[in-house]
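1. One predicted model, sequence on top.
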Amino acid sequence: MLIKRLSQSLIHTPKFFFAAPTNAEPSFLEMVRSYFDQAGTHTNVPKDKLEIYKSCNTVLKVRLPLVRDDGTLEYIPAYRAQHKHHRLPTKGGTRLSPYVTLDEVEALACLMTIKCGIADLPYGGAKGGIQIDPKKYSLREIETLMRRYTVELAKKGFIGASIDVPGPDVGTTTREMNWMKDTYQVFYGYKDINAAACVTGKSVNQGGIDGRNESTGYGVFICIRDFLLNDWLMDKHKLKKGIEGKSFIVQVKI
């Protein structure tokens, strides 16, 4: 219930400015924690208890060995963060991006807990990723990394239908989720009857569900539509009700 109350507080938190060094922008994780602190002031929860809920419960950092197609050897950083275990399994995407860091997955895991709290979903938040630019790696190299990543998660107890369920995210699709599911089933399926449920976003013929691919974009549309049809919000922001006539900006990270 505390996570849900904090989540609801975040929705109504007014814009504010947080302390930051004058010579640098705060990191993504610092920004998330600042907003968390601000939301906490709208609850009756003591500050020392809020600190317990703010940080991730468990984080994993590994280096994945990869023999490239040209024979060279690389050790590639990979991460997984589980924010809170008040409800299990934890859930959250898996990224393939050169910008993946431990700070980023911790911040995104926290936001996932909050999102689940807002929707009253029975999950804790998690996030993970491998620090590569997938455009610079061959199909074989990416498959090797995804399968090794899955094994490392399983060895440390960071994946499983009742533990932590990764899904697709930036740089990953049903293809990568199929590799993760297959790897987990091969190595651990003999002792886990629900092994196929270790990831979401896998192909329908691998146990996935229709509509998963478009769910994120469709969810953004639903949220924007409901926001623009809300009388109180439109009056507050002095906007005309409805989608028609509205412009938007797409931010692309290159």
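-> That came through fine. Numbering: from 1, shown residues only.
2. Angles on the backbone of M31, please.
-> Main-chain dihedrals, M31, degrees, to the nearest 10: phi -70, psi -40.
3. Kindly report the same for R80.
-> Dihedral angles (degrees, to the nearest 10) for R80: phi -150, psi 130.
4. Count residues in the vicinity of the spatially closest residue to it that is not a sequence neighbour, would you?
-> Nearest residue to R80, sequence neighbours excluded (Cβ to Cβ, 6 or more residues apart in numbering): G128, at 3.6 Å. For every residue, glycine as well, the C-beta is placed using N, CA and C. G128: 27 surrounding residues under other Cβ atoms under 10 Å.
5. ok, now K115?
-> 16.
6. Could you list the buried residues of the helix or strand where it lies?
-> For K115, the element it lies in under DSSP states H and E is helix 102-118. Residues of helix 102-118 classed as buried by neighbour count (16 or more other Cβ atoms under 10 Å): 102, 104-117.
7. does the residue nearest to R80 count as helix, strand or coil?
-> Recorded secondary structure, G128: strand (DSSP: H, G, I helix; E, B strand; the rest coil).
8. what sits against I163?
-> In this structure, I163 makes contact with L88, P89, T90, G157, judged by Cβ atoms under 8 Å, 6 or more residues apart in numbering.
9. got a pLDDT number for H12?
-> Per-residue pLDDT puts H12 at 51.
10. Including distance to R140, secondary structure and pLDDT, could the contacts of I163 go into CSV?
-> CSV is the format used below for the contacts of I163 (distance: Cβ to Cβ, whole Å; DSSP: H, G, I helix; E, B strand; the rest coil; pLDDT from 0 to 100):
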residue, distance to R140, secondary structure, pLDDT
L88, 34, coil, 90
P89, 30, coil, 93
T90, 30, strand, 94
G157, 28, coil, 89
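11. can you list the domains in the chain?
-> 1-54, 56-200, 211-254 (automatic domain parsing).
12. tell me how far the ends of the longest one are from each other?
-> Chord length of domain 56-200, first to last residue, is 22 Å (Cα to Cα, to the nearest Å).
13. Would you state the strands of the stretch 151-254 of the chain in chain order?
-> 164-168 (DSSP state E, counting those that start in this stretch).
14. May I ask which helix or strand of this protein has the lowest mean pLDDT?
-> Within the chain, no helix or strand scores below helix 2-12, which has a mean of 54 by mean pLDDT, DSSP states H and E.
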